[in-house]
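Visitor: my questions are about this predicted structure, shown below with the sequence.
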Amino acid sequence: MGAETDPRSSVRQKVLPSHWSFMLGEISLYSFFVLVLTGVYLSLYFHPSMTPVEYHGSYAPLRGRTVSEAFDSTMRISFDVRGGLLIRQAHHWAALIFVASMLAHMLRVFFTGAFRKPRELTWVLGFSLLVLGMFEGLTGYDLPDDLLSGTGLMVVNGTTLSVPVVGTYLSMFLFGGAYPGTELIARFNTLHVVVIPALMVALLVAHLVLARRHRHTQYPGPGRTERNVVGLPWRVYAVKSGAYFLLVAGVILIIASSAQINPVWLYGPYRPDQVTAGSQPDWYMGVLDGLLRVMPGWEPAFWGHTWALDNLVPLLAGAGLFLALGAYPFVEAWVTGDGGCDHHLLDRPRNRPVRTALGAAWVSVYAVALLGAANDLIAVRLHLSVNAVTWAVRIGLFAVPFAVYVVTKRWALALQRADRDQVLHGRETGTIKRMPYGAYVEVHQPLGRDKLHTLTQHEQYAPVRLSPDGDHGRVERLRALLSRGLYGPGTQIPRPTVREYEESVHHGGGDGDGDGGVSR
């Protein structure tokens, strides 16, 4: 282990903290490398064209069928190109892992407060990478031009058309004419292979440069302050990272060789007059699909036009869900007024109960909506009415986040209270001692200085207070209201003061009246 005290230290002196949660970002980076490598291989054989041809490949059930060149080349990659199916499945699995690890990494940053100054721009770049990764997956998912991806395109077209005023123009531009058009595959291929990857590489480089400039965050612990970094020398970390890349790539290839995904030959080529039964999008788009499925069929008429609210409202709700995640760090910084100092030590999630509860509620909305995307499969597998499942998801979208928020907040407060008790009274040993006057007490072991530092180093903010005689505007009143919600009464357990700790130690080591105390 080493320590870096100067943020401008040379590369030779660079050290990086080590913690298992930091691997989430590395998984996303390494799966992105696998995506690029497998994508280059697939692009050598894929023909992004919707021109109809007759299939004469190795898969007998589809011989003689009219398919597009995109579907024909996908079938050739799967059955006739050596290693084609393995690479195709590795590419798809890597995409799923890439988005999943990015979302998990963003949530780790959120729950630990790693988005605070000076890393606001780093958060924006990471959030943009997550959104671009989802659209990269969507464009790639539709390239094979099979019946399953075509069903998803119908949903995309319907949602696009629901946008007021410009919806029809967006649809015409996207499909190159009336749906399904003849240019979609070529346009999606350009976005998937050139435009979005170029943007992602640029954002990724900027993200890594900022991470190097601001140095890595670290969890609180012995010897760790806002002005140093305790961890492994960069050479050791580089060797571990190289091995970890091989491990991630190997796991992806093992999954690709043993778990089938997106068997386009079973779905057949896309036809606008057909819909795949039981169609499911990739999990990261399941939240929008779930909201679409459980939304009532509201299509009111205003000013002589029909408003497709059954598509527009889920679109706005899904976009709002992600925008809320992206904007939260700036709202917290504004409410806290914490813009003057840099933060390099991470928060323990329990020490920010409201933030942790809000994040857990956000995840619960995503999870419930994802269940809504499988309402038909759930109904079939569990022999339930699809209407009952749909109504359960509708209610759950409102009830579950509220319940998760309350439970998570109370849980974090309970953990804070347990930490406070440990600081004041020591750790429970399970040893029972009889006192001279006959009472039985449990012996507590005093905590070491390192543990005491970890449990008490966090900063606790006070809510903004407005003077009663001042003339405050709406913005100031809103800030005070949000501040009370984050840091007001009932949102945190006061950490022990030095005086309370000394009194507890003296009380526990002096008369031994029954609480076990902390002995010197």
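Guide: Cool, the structure landed. If you're wondering where the values come from, they're calculated on a predicted model, not measured in any experiment.
Visitor: would you mind measuring from Val443 to Leu35?
Guide: According to Cβ to Cβ, to the nearest Å, Val443 stands 56 Å off from Leu35. (Glycine included, C-beta is placed from N, CA and C.)
Visitor: cool, Phe402 as well?
Guide: From Phe402 to Leu35 the distance is 38 Å (Cβ to Cβ).
Visitor: more crowded one of those two?
Guide: Leu35 (25 against 11; other Cβ atoms under 10 Å).
Visitor: helix or strand right after the helix or strand containing the more buried one?
Guide: Per DSSP states H and E, Leu35 falls inside helix 23-43. Counting by DSSP H and E, the element after helix 23-43 in chain order, helix or strand, is strand 52-54.
Visitor: before we move on, back to that, pull out the buried residues from the helix holding Leu35.
Guide: Going by neighbour count (16 or more other Cβ atoms under 10 Å), the buried part of helix 23-43 is 23-32, 34-35, 38-39, 41-42.
Visitor: which one of those residues sits closest to Asp72?
Guide: Leu42 (14.4 Å; Cβ to Cβ).
Visitor: now do the contacts for the closest one.
Guide: Applying Cβ atoms under 8 Å, 6 or more residues apart in numbering to Leu42 gives the contacts 77, 84, 87-88, 91.
Visitor: only the buried subset of these, as a ChimeraX command please.
Guide: One line in ChimeraX is enough to select the buried ones among those; burial here means 16+ other Cβ under 10 Å:
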select :77,84,87,88,91
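Visitor: is it possible to export the contacts of Leu42 to JSON lines including distance to Ala243?
Guide: Formatted as JSON lines, the contacts of Leu42 follow (distance: Cβ to Cβ, whole Å):
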{"residue": "Ile77", "distance to Ala243": "31"}
{"residue": "Gly84", "distance to Ala243": "28"}
{"residue": "Ile87", "distance to Ala243": "23"}
{"residue": "Arg88", "distance to Ala243": "27"}
{"residue": "His91", "distance to Ala243": "23"}
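Visitor: now distance to Pro494 and secondary structure too, for the contacts of Leu42, in JSON lines please.
Guide: Below are the contacts of Leu42 laid out as JSON lines (distance: Cβ to Cβ, whole Å; DSSP: H, G, I helix; E, B strand; the rest coil):
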{"residue": "Ile77", "distance to Pro494": "62", "secondary structure": "helix"}
{"residue": "Gly84", "distance to Pro494": "62", "secondary structure": "helix"}
{"residue": "Ile87", "distance to Pro494": "57", "secondary structure": "helix"}
{"residue": "Arg88", "distance to Pro494": "57", "secondary structure": "helix"}
{"residue": "His91", "distance to Pro494": "52", "secondary structure": "helix"}
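Visitor: for the lengthiest helix in the chain, buried residues please.
Guide: What stands out as the longest helix in the chain, according to DSSP state H, is helix 386-425. By 16+ other Cβ under 10 Å, the buried positions in helix 386-425 come out as 389-390, 392-394, 396-397, 400-401, 404-405, 408-409, 411-413, 415-416, 419-425.
Visitor: so what does that helix touch, helix or strand wise?
Guide: The contact analysis (3 or more Cβ pairs under 8 Å, 6 or more residues apart in numbering; DSSP states H and E) places helix 386-425 against helix 286-294, helix 353-372, helix 375-381, helix 449-456, helix 498-510.
Visitor: pick the most buried one from these.
Guide: Comparing the helices and strands packed on helix 386-425 by mean neighbour count (mean count of other Cβ atoms under 10 Å), helix 286-294 ranks first with a mean of 23.
Visitor: where do the strands sit along the protein?
Guide: Here the chain has its strands, by DSSP state E, at 2-4, 15-16, 52-54, 66-68, 229-233, 301-302, 305-306, 427-434, 440-445.
Visitor: closest to Leu478 out of the ones you listed?
Guide: Going by Cβ to Cβ, the one of the strands of the chain nearest Leu478 is strand 301-302, 31.3 Å.
Visitor: if we look at the closest one, which residues are touching it?
Guide: Residues contacting strand 301-302 (Cβ under 8 Å, 6+ apart): Trp307.
Visitor: mean confidence for it?
Guide: Across strand 301-302, pLDDT averages out at 83.
Visitor: I'd like the distance between Ser385 and Val400.
Guide: From Ser385 over to Val400 the distance is 20 Å, taken as Cβ to Cβ.
Visitor: before we move on, what about Met106?
Guide: 21 Å.
Visitor: tilt between the longest helix of the chain and strand 427-434?
Guide: If you take axes from the mean of the first three to the mean of the last three Cα atoms, to 10 degrees, helix 386-425 sits at 60 degrees to strand 427-434.
Visitor: shaky segments in this protein?
Guide: Scanning the chain for pLDDT under 70 picks out 1-13, 276-278, 339-340, 470, 507-520.
Visitor: pull the contacting residues for the residue most central in space within the chain.
Guide: Centroid-nearest residue in the chain: Leu103, 2.3 Å away (criterion: Cα atoms, centre = their mean). With contacts defined as Cβ under 8 Å, 6+ apart, Leu103 is in contact with 130, 284.
Visitor: now swap in the one 5 residues further on and tell me
Guide: By Cβ under 8 Å, 6+ apart, the contact set of Arg108 is 21, 24, 114.
Visitor: from what I can see the second one touches Val109, true?
Guide: No - distance between Leu24 and Val109: 9.2 Å, which falls outside the contact criterion (Cβ atoms under 8 Å).
Visitor: chain center to stretch 313-326: distance?
Guide: Centroid separation for stretch 313-326 versus its chain: 14 Å, with Cα atoms, centre = their mean, to the nearest Å.
Visitor: what about the residue nearest to the centre of the chain, distance to Glu500?
Guide: 41 Å.
Visitor: and for Leu204?
Guide: From Leu204 to Glu500 the distance is 47 Å (Cβ to Cβ).
Visitor: ditto for His425
Guide: His425 sits 11 Å away from Glu500, going by Cβ to Cβ.
Visitor: buried sites along stretch 121-141?
Guide: Quick answer for stretch 121-141 (16+ other Cβ under 10 Å): 122-130, 132-141.
Visitor: alpha carbons of that stretch, in PDB - could you do that?
Guide: Output of stretch 121-141 as PDB, limited to C-alpha atoms (Å, rounded to 0.1, in the frame of the first residue of the first chain):
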ATOM      1  CA  LEU A 121     -18.700  17.300 -15.100                       C
ATOM      2  CA  THR A 122     -17.400  13.700 -14.600                       C
ATOM      3  CA  TRP A 123     -21.000  12.800 -13.500                       C
ATOM      4  CA  VAL A 124     -22.500  14.500 -16.600                       C
ATOM      5  CA  LEU A 125     -20.100  12.600 -18.800                       C
ATOM      6  CA  GLY A 126     -20.800   9.300 -17.100                       C
ATOM      7  CA  PHE A 127     -24.600   9.900 -17.300                       C
ATOM      8  CA  SER A 128     -24.300  10.800 -21.000                       C
ATOM      9  CA  LEU A 129     -22.300   7.500 -21.600                       C
ATOM     10  CA  LEU A 130     -25.100   5.600 -20.000                       C
ATOM     11  CA  VAL A 131     -27.800   7.200 -22.200                       C
ATOM     12  CA  LEU A 132     -25.600   6.700 -25.400                       C
ATOM     13  CA  GLY A 133     -25.000   3.100 -24.400                       C
ATOM     14  CA  MET A 134     -28.700   2.500 -24.300                       C
ATOM     15  CA  PHE A 135     -29.300   4.000 -27.700                       C
ATOM     16  CA  GLU A 136     -26.300   2.100 -29.000                       C
ATOM     17  CA  GLY A 137     -27.900  -1.100 -27.900                       C
ATOM     18  CA  LEU A 138     -31.200  -0.100 -29.400                       C
ATOM     19  CA  THR A 139     -29.800   0.600 -32.800                       C
ATOM     20  CA  GLY A 140     -27.700  -2.600 -32.800                       C
ATOM     21  CA  TYR A 141     -30.700  -4.700 -31.600                       C
END
